[in-house]
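Colleague: Next comes the sequence, and after it the predicted model I'd like to discuss.
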Amino acid sequence: MSNQPELNKYKQEIADLYSSRSQTYDNSDWHLQIARRLVEYGGVSLGHQVLDIATGTGHVAIAAAQIVGSEGRVVGIDIATGMLDRARNKAQELNLKNTEFMLADAEALDFPVNSCDRIFCASAFIWMSDLHAALTHWHKFLKPGGILGIQAFADTAFVGGIVTQKVAKKYGISFKMSQPTGTVEKCRSLLEQAGFEDVEIKIDRDGSYISLEKAKAMWAGSSHPAPGQYPPPLSTLSTEQLAQAKAEFDTEIEALQTERGVWNDITTFYVFGRK
Ligand SMILES: C[S@@+](CC[C@H](N)C(=O)[O-])C[C@H]1O[C@@H](n2cnc3c(N)ncnc32)[C@H](O)[C@@H]1O
């Protein structure tokens, strides 16, 4: 298994971001609901060996641990020590003896081959530097017949991201965000190209109206790590350009405001493939 992972600058910034968020991450139950749905759709059973990739505060791992029982085992891995500390505390409070959390980079994970009945990755897949290589790597850890379940967002999701992409384009800057997993076809192709069979995708068409203030706070900025891209795309802009781009972003967001607020699509894909 893994020791202390060596993280490049991109991954260290992600780890620092999530460790700094770890104390407040569970304040909203939004990620928890997604994680529980992934586990439910993934058909976890008594006795299963489960790997939760980028476990964060352990939402998927804990949901799975409560199903697999004492014959089963769940391992959650993440690069953010703060998130792992939260996960360990929660598992301890629930007296879960079948769960372990480890510090490890999902893309360099050393794990027994053919050992998992289920591998999950919720709200984290687009953070991987190389999606195809990550899936191919994880495929090895599944038992034959085992199932991988990935949760991803559609390319229509998150109004702040969509408008950031639009504004950044005017400056010649391209943001990936949820584009690599943004459609059912892209998700299917990613899994099939990594050797998964019987790919099934559940679509959850969700969204809500959010306040103008909240929508404006979704601006990507120049220091926040961007999924799959390093350095953060907007870091190439000068201070003046950045201020100008942010002003354009605010104007675009204001134009989307209705009496009920700003519509924030969060269409979600639950993608499953069998080894
Ligand atoms: C939005 S959180 C999702 C956490 C959890 N899966 C959930 O459903 O709440 C994203 C997590 O991905 C982790 N992460 C990002 N890249 C990673 C990598 N290469 N290896 C392991 N964890 C990673 C982050 O540290 C963070 O905890």
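Modeller: Sure, I can see it.

Colleague: going forward, measure contacts between C-alpha atoms and count neighbours the same way
Modeller: Will do.

Colleague: what are the ranges of the helices in the stretch 51-200 of the chain?
Modeller: 59-68, 81-93, 131-141, 159-170, 184-193 (DSSP state H, counting those that start in this stretch).

Colleague: Give me whichever of those helices is most buried.
Modeller: Each of the helices of the stretch 51-200 of the chain was assessed for mean neighbour count using mean count of other Cα atoms under 10 Å. The highest is helix 59-68, with a mean of 24.

Colleague: where does the stretch 51-200 of the chain come near the ligand, residue by residue?
Modeller: With Cα under 6 Å from any ligand atom as the criterion, the stretch 51-200 of the chain comes near the ligand at residues 54-56, 59, 78-80, 83, 104-107, 121-124, 127-128.

Colleague: tell me which residues of the lengthiest strand in the chain are tucked away?
Modeller: The single longest strand within the chain, with elements called by DSSP state E, is strand 142-153. The neighbour-count check on strand 142-153 (16 or more other Cα atoms under 10 Å) flags 142-143, 146-153 as buried.

Colleague: angle of the longest helix seen in the chain against helix 159-170?
Modeller: Longest among the helix segments of the chain by residue count, using DSSP state H, is helix 239-255. For helix 239-255 against helix 159-170, the angle by axes from the mean of the first three to the mean of the last three Cα atoms, to 10 degrees is 130 degrees.

Colleague: List the neighbouring strands of whichever helix or strand comes after helix 239-255 plus their orientation.
Modeller: The helix or strand immediately downstream of helix 239-255 is strand 262-265, counting by DSSP states H and E. According to DSSP bridges, strand 262-265 forms sheet pairs with strand 207-210 (antiparallel).

Colleague: Which other helices and strands does the next helix or strand after the strand it pairs with contact?
Modeller: Later in the chain than strand 207-210, the nearest helix or strand by DSSP H and E is helix 212-216. Applying 3 or more Cα pairs under 8 Å, 6 or more residues apart in numbering; DSSP states H and E, we find helix 212-216 packed against helix 159-170, helix 239-255.
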